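Asker: From the sequence below, what's the structure:
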Amino acid sequence: MNTEEKKHISGGETEGGITSSYATNDGVKLKVPYAFMGSIYDEAEEKAAIAALHGETLTMGPKTTQFQTGFAKMCGVKHARATTNCTTGMHVATQLFDIKEGDEVIVTPATFIATSLVVLKEKAIPVYADIDPRTFNIDPKKVAEKVTSKTKAIYVVHYGGQMVDMDPIMEIAKKHKLFVMEDCAHAHAAEYKGRKAGSIGDVGVFSFHSLKNMTTCGEGGMITTNNDEFAEGIDKLRCMNLGEWKPGQTEWHFGDTVIKKESSLDYWLPSHFDVDTWKGHWGNNYRMNEIQAAVGVAQLDKLEMLTNKRREIGHKITKGLSGIEGISPVFEEAWAKHVFHLYTVCVEEEELGASRDEFMRVLYKEEGIQGILHYQPTFHLTGLKKMGYDPNQCPNASKFFYKREFNLPMHPRLTDNDIDMMVQGIKNAAKKVAKRAVTV
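Answerer: Reported below is the predicted structural model:
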């Protein structure tokens, strides 16, 4: 593959490739491209960022505290802790659960690599449970089948903005004494039977990447928990295990050196910080800076508006796509508040008379609507294939990715005209591929 071909696939000149752009640069004239900004920025974010630049500290200061407090209130949890991104937040959670080499963690295969990566980093074993073909979320019944004596935790992902059926997940966890982490990267303000994402499992972790429903300058994350001990652990593990010396202590011995504090005014003694492991785990620098936190506060103020816009857009698309033979719009559970991070359309090949890829080619080249696929089963990625996973172990997830799904452009800046063009483009493409299938 030459350099130009790589640029085309990865999204042009961007350093992050598919993590920072879906541009194709192939000459196709698009009516509705897949945008890489999932939120709305205006003067509020600009003013917040500039104000933070004039603060006394540019990292982990008062804006970070304000952001954490507001986010915890939104989620209905006791603690929220900002971090550099969702992946590092999930790595902290994995350490909180004391996941070690040889432990098993049950996880969905229909997710970004990060959900499994944090398990692999601790030399533990991701165990994949298949998905519900209607919601694309991990199926609790399949989770129950995967529990063994080595299972330590269940990591769920609220795919696309609709929460997993959490009650049976928590019942399984309680029965087998397992930890539960909610990967809430898609699910800001999503609800399950009136409870917010990030408030049900032992820990929730959110992403503020540029694609997400709210974003802190392109990267960022938040860890939520109701567990006081975990909150203490997060504070250590996201900040290099830094802590204070023992309160009240006035004398320290460091080899032949003896340091004595004469009064509380000797603030510099014995040194500015101590370092110790948190239950045997070493942390890292996963801190959020003040500019991101300030923008996060502004975004949190808009979250209800942003969510309402996404839900309105999602429901309009669903209404427009209803009744098209061979096309399945998003299914929304009665108990769910779906926040439509993704709008996932499924092509039912048997009904349409053409494959998903044939349909997408027409939708893209002839109708100008750019769809994106999420997510290839994790165990099909090269690094995990080398580990010997059964490639056929989750048939619903495999059929979902290779045969059924694609994601429409979805963000709160979409206009009614954009929605109409997407709906009409899908109707036109469905008619074209069905007609061509008959004439072949």
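
Asker: hey, let's count contacts and neighbours off CA atoms from now on
Answerer: Noted.

Asker: need the next SSE after the helix or strand bottoming out on mean pLDDT in the chain, C-terminal direction.
Answerer: Least confident helix or strand of the chain, by mean pLDDT, DSSP states H and E, is helix 3-10 with a mean of 42. Per DSSP states H and E, the first helix or strand lying C-terminal to helix 3-10 is helix 43-53.

Asker: which other helices and strands contact that next one?
Answerer: Counting contacts by 3 or more CA pairs under 8 Å, 6 or more residues apart in numbering; DSSP states H and E, helix 43-53 is packed against helix 290-321.

Asker: how much space is there between the residue positioned nearest the centre of the chain and residue 153?
Answerer: In the chain, the residue lying closest to the centroid (CA atoms, centre = their mean) is residue 185, at 2.1 Å. For residue 185, the distance to residue 153 (CA to CA, to the nearest Å) stands at 18 Å.

Asker: Then residue 37?
Answerer: Distance from residue 37 to residue 153, by CA to CA: 33 Å.

Asker: Point out where the stretch 101-250 of the chain drops to low pLDDT.
Answerer: Nowhere does the stretch 101-250 of the chain drop to pLDDT under 70.

Asker: in it, which spans are strands?
Answerer: 104-107, 125-128, 151-157, 179-183, 191-192, 195-196, 203-207, 221-225, 242-243 (DSSP state E, counting those that start in this stretch).

Asker: quick one, which of those is nearest to residue 428?
Answerer: Smallest distance to residue 428 across the strands of the stretch 101-250 of the chain (CA to CA): 33.3 Å, for strand 151-157.

Asker: Could you list the paired strands of that closest one along with their orientation?
Answerer: strand 104-107 (parallel), strand 179-183 (parallel) (DSSP bridges).

Asker: Could you dump those strands into a markdown table with distance to residue 20 and mean neighbour count added?
Answerer: Putting the strands paired with strand 151-157 into a markdown table (distance: least, CA to CA, whole Å; neighbours: other CA atoms under 10 Å) gives the following:
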| stretch | distance to residue 20 | mean neighbour count |
| --- | --- | --- |
| strand 104-107 | 25 | 26 |
| strand 179-183 | 20 | 27 |
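
Asker: can those go into JSON lines with extra columns for distance to residue 143?
Answerer: Formatted as JSON lines, the strands paired with strand 151-157 follow (distance: least, CA to CA, whole Å):
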{"stretch": "strand 104-107", "distance to residue 143": "7"}
{"stretch": "strand 179-183", "distance to residue 143": "12"}
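
Asker: among these, which is nearest residue 136?
Answerer: Per CA to CA, nearest to residue 136 of those: strand 104-107, 13.0 Å.

Asker: now the closest one: how far from the chain's centre is it?
Answerer: 17 Å (CA atoms, centre = their mean, to the nearest Å).

Asker: wait, isn't the residue nearest to the centre of the chain in contact with residue 86?
Answerer: Yes: applying CA atoms under 8 Å, one finds residue 185 in contact with residue 86, separated by 6.8 Å.

Asker: Need the overlap of contacts for those two.
Answerer: 205, 206, 207, 208 (CA atoms under 8 Å, 6 or more residues apart in numbering).

Asker: related to what we said a few turns ago, which of the strands of the stretch 101-250 of the chain sits closest to residue 26?
Answerer: Here strand 203-207 is closest among the strands of the stretch 101-250 of the chain (CA to CA), at 30.4 Å.

Asker: Taking strand 221-225 as reference, get the angle to that closest one.
Answerer: 160 degrees (axes from the mean of the first three to the mean of the last three CA atoms, to 10 degrees).

Asker: For residue 157, which residues are in contact?
Answerer: Applying CA under 8 Å, 6+ apart, we find residue 157 in contact with 108, 111, 137, 138, 163, 164, 182, 183, 184, 185.

Asker: quick one: which of the residues you listed has the most company?
Answerer: residue 163 (32 neighbours; other CA atoms under 10 Å).

Asker: Nearest residue to it in space, please, no chain neighbours.
Answerer: residue 192 (6.1 Å; CA to CA, 6 or more residues apart in numbering).

Asker: can you pull up the bridge partners for the one you found?
Answerer: With DSSP bridges as the criterion, residue 192 is bridged to residue 195, residue 336.

Asker: Quick one: residues contacting it.
Answerer: 163, 164, 165, 166, 335, 336, 337.

Asker: Repeat that for residue 205.
Answerer: Counting by CA under 8 Å, 6+ apart, the residues that residue 205 touches are 86, 89-90, 181-185, 198, 221-224.

Asker: and the chain, what are its domains?
Answerer: Here the domain assignment for the chain is 3-36+303-439, 43-241+279-295, 242-275, based on automatic domain parsing.

Asker: Of those, flag the one that's most buried.
Answerer: Counting by mean count of other CA atoms under 10 Å, domain 43-241+279-295 has the highest mean neighbour count of the domains of the chain, with a mean of 21.

Asker: for that domain, the distance to its chain's centre please.
Answerer: For domain 43-241+279-295, the distance to the chain centre is 8 Å (CA atoms, centre = their mean).

Asker: for stretch 27-45, same thing?
Answerer: 19 Å.

Asker: if we look at it, which residues are touching it?
Answerer: The contact list for stretch 27-45, computed with CA under 8 Å, 6+ apart, reads 20-23, 210-215, 294-295, 298-299, 306, 364-365, 367-372, 408-413, 418, 421-422.

Asker: Restricted to helices, list these.
Answerer: Mapping these onto helices (DSSP state H) picks out 294, 295, 298, 299, 306, 364, 365, 418, 421, 422.

Asker: Nearest to residue 230 among those residues?
Answerer: The nearest member of the ones in helices among the contacts of stretch 27-45 to residue 230, counting by CA to CA, is residue 294 at 24.9 Å.

Asker: ok, so what distance separates the closest one from residue 241?
Answerer: Using CA to CA, one gets 25 Å for the distance from residue 294 to residue 241.

Asker: do residue 118 as well
Answerer: 19 Å.

Asker: Contact partners for the closest residue to residue 69 other than its chain neighbours?
Answerer: The shortest distance from residue 69 to any non-neighbouring residue, by CA to CA, 6+ apart, is to residue 80 (6.8 Å). Applying CA under 8 Å, 6+ apart, one finds that residue 80 lies in contact with 68, 69, 71, 72, 222, 223, 224, 225, 231.

Asker: Now residue 80. Its backbone dihedrals?
Answerer: The phi and psi values for residue 80, taken as degrees, to the nearest 10, are phi -140, psi 140.

Asker: which stretches of the stretch 301-440 of the chain have low pLDDT?
Answerer: For the stretch 301-440 of the chain, the ranges with pLDDT under 70 are 440.

Asker: does residue 346 count as helix, strand or coil?
Answerer: strand (DSSP: H, G, I helix; E, B strand; the rest coil).

Asker: Contact partners for it?
Answerer: Residue 346 makes contact with 327, 328, 329, 400, 404, 405, 406, according to CA under 8 Å, 6+ apart.

Asker: Nearest to residue 122 among these?
Answerer: So of the contacts of residue 346, ranked by how close each gets to residue 122 (CA to CA), first place is residue 400, at 29.2 Å.
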